[in-house]
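What shape does this take:
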Amino acid sequence: MKIIHCSDLHLDSKMERKLSLTKSSERRNELLNNFQRLISFAKENDVKAILISGDLFDSNSARVSTKNVLKSEISANSEITFFYVCGNHDDNFNIFEDDCPDNFIVFDDKLSSFKIGNINISGLNLTKDNINSFYENLVFSENYKNILMLHGDVFSNAQSNLYIDLKKLKNKNIDYLALGHIHMSSMDKIDDRGVYCYPGCLEGRGFDECGEKGFMLLEVEQTISYEFIKFAQREFIKKEIDVTNLYTIEDYKLNLENIFKNLNEKDFVRIIFIGTKDEDCNGFANILENFYKDKFYYFEIVDNSNVKFNISKYMEEETSLKAEFLKLVFQDENLSEEDKNKIANVGLQALKGDDIIL
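Sure, this is the predicted structure:
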């Protein structure tokens, strides 16, 4: 039997704030389209159940149109059973109100279990009232393939309202712990029998969610096998360029275009300049961002490089504000040479009217 495990779709969430209104609306619709594509994948691959481990919606105030599309898609595919544990974004799950499709099972704060052949699918919504006590109720038969759905954080500390203590899940006959909340794909062992898995979000929504996004495809027979399926329509990508030895705009373009060879034009791309740039290169970031802005769905350059000024040249000027400033700095016996150079560079940036990068 095949099962999909996904989480954190965050439907109807706000998109990257720098997007135009048109693209922001387009991206929100793409999130919904991804869920429709997921169901199509399930049908084509004879998937019997889809596990959604929380945060299907970004909040409880979803658009009516989104709810209607979702209900229609789920109802039209009655051969697939959807299992849902609530997340921290839609913890009071009432999106479908009194019109929830029969094949959409929503867990509450008490442990519930559903058996399909030799598979036992269980879940509960974690709350501040049960977060420390729910472990006591986890009693699973070793004769079943036991899948437990939770939305929480195995990496946080015990004070968190979403903390899941993996040590307390050992020797519970859990074969697969289907988790949600962490937006990066992650898997590891619970004990000799079972594993936990975060599939990550289905689609990235910002540069804090870079990398491949998708879901886990499980095949349950005598054992459980699993495969990560890359599924996102667009990817968020960050790349660094050390500009220390780049002196012309053509040098910068050559480095950028070498990176671009391995990127897809439909993606979100952020280039970060690091290192120390020559003062004559100050401003290249804005020029190049404008030059390449239409190469990708979204493109930006973040200049985190420092400026290297020709301090001796400015000190040789007979009458200038820069020369007087530098003389004051380098004649200060209370400053180390390192501090003198730092202060000189920051001051020259300010006197040139540039953005100051510390």
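
Please give me every residue in contact with Val329.
335, 340, 343-344, 347 (C-beta atoms under 8 Å, 6 or more residues apart in numbering). No exception for glycine: its C-beta is placed from N, CA and C like everyone else's.

oh, I was asking about Cys201
Going by C-beta under 8 Å, 6+ apart, Cys201 touches 7-10, 183, 209, 213.

and with 10 Å instead?
6-10, 31, 34, 55, 180-185, 209, 213-215, 232 (C-beta atoms under 10 Å, 6 or more residues apart in numbering).

From Thr66, how far off is it?
17 Å (C-beta to C-beta, to the nearest Å).

In helices, which of the contacts of Cys201 appear?
Taking DSSP state H, the ones among these that sit in helices are 31, 34.

Hmm, Asn290 is touching Ile301, no?
Yes - between Asn290 and Ile301 there is a contact at 9.5 Å, judged by C-beta atoms under 10 Å.

about what we covered before: considering the contacts of Val329, which is situated nearest to Leu326?
Ala344 (5.7 Å; C-beta to C-beta).

Which element, helix or strand, includes that closest one?
Following DSSP states H and E, one finds Ala344 within helix 337-351.

Please name every helix or strand in contact with that helix.
strand 306-308, helix 311-315, helix 321-330 (3 or more C-beta pairs under 10 Å, 6 or more residues apart in numbering; DSSP states H and E).

Partner strands of the first one and their direction?
When pairing is defined by DSSP bridges, strand 306-308 lines up against strand 276-278 (parallel).

about what we covered before: nearest approach to Cys197 belongs to which of the helices and strands packed on helix 337-351?
strand 306-308 (42.0 Å).

Distance from the chain centre to stretch 296-311, please.
Chain-centre distance of stretch 296-311: 24 Å, with C-alpha atoms, centre = their mean, to the nearest Å.

Can I get that stretch in PDB, CA atoms only?
Taking Å, rounded to 0.1, in the frame of the first residue of the first chain, the C-alpha atoms of stretch 296-311 are listed here in PDB:
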ATOM      1  CA  PHE A 296      14.600  34.700 -13.000                       C
ATOM      2  CA  TYR A 297      11.100  34.700 -11.500                       C
ATOM      3  CA  TYR A 298      12.700  36.800  -8.700                       C
ATOM      4  CA  PHE A 299      16.300  38.000  -8.500                       C
ATOM      5  CA  GLU A 300      18.100  40.100  -6.000                       C
ATOM      6  CA  ILE A 301      21.700  40.900  -4.900                       C
ATOM      7  CA  VAL A 302      22.600  41.500  -1.200                       C
ATOM      8  CA  ASP A 303      25.900  43.200  -0.900                       C
ATOM      9  CA  ASN A 304      27.500  42.100   2.400                       C
ATOM     10  CA  SER A 305      31.000  42.900   1.200                       C
ATOM     11  CA  ASN A 306      33.300  45.500   2.900                       C
ATOM     12  CA  VAL A 307      34.900  48.400   1.000                       C
ATOM     13  CA  LYS A 308      38.700  48.600   0.700                       C
ATOM     14  CA  PHE A 309      39.700  52.300   0.400                       C
ATOM     15  CA  ASN A 310      43.100  53.500  -0.900                       C
ATOM     16  CA  ILE A 311      43.700  55.300   2.400                       C
END
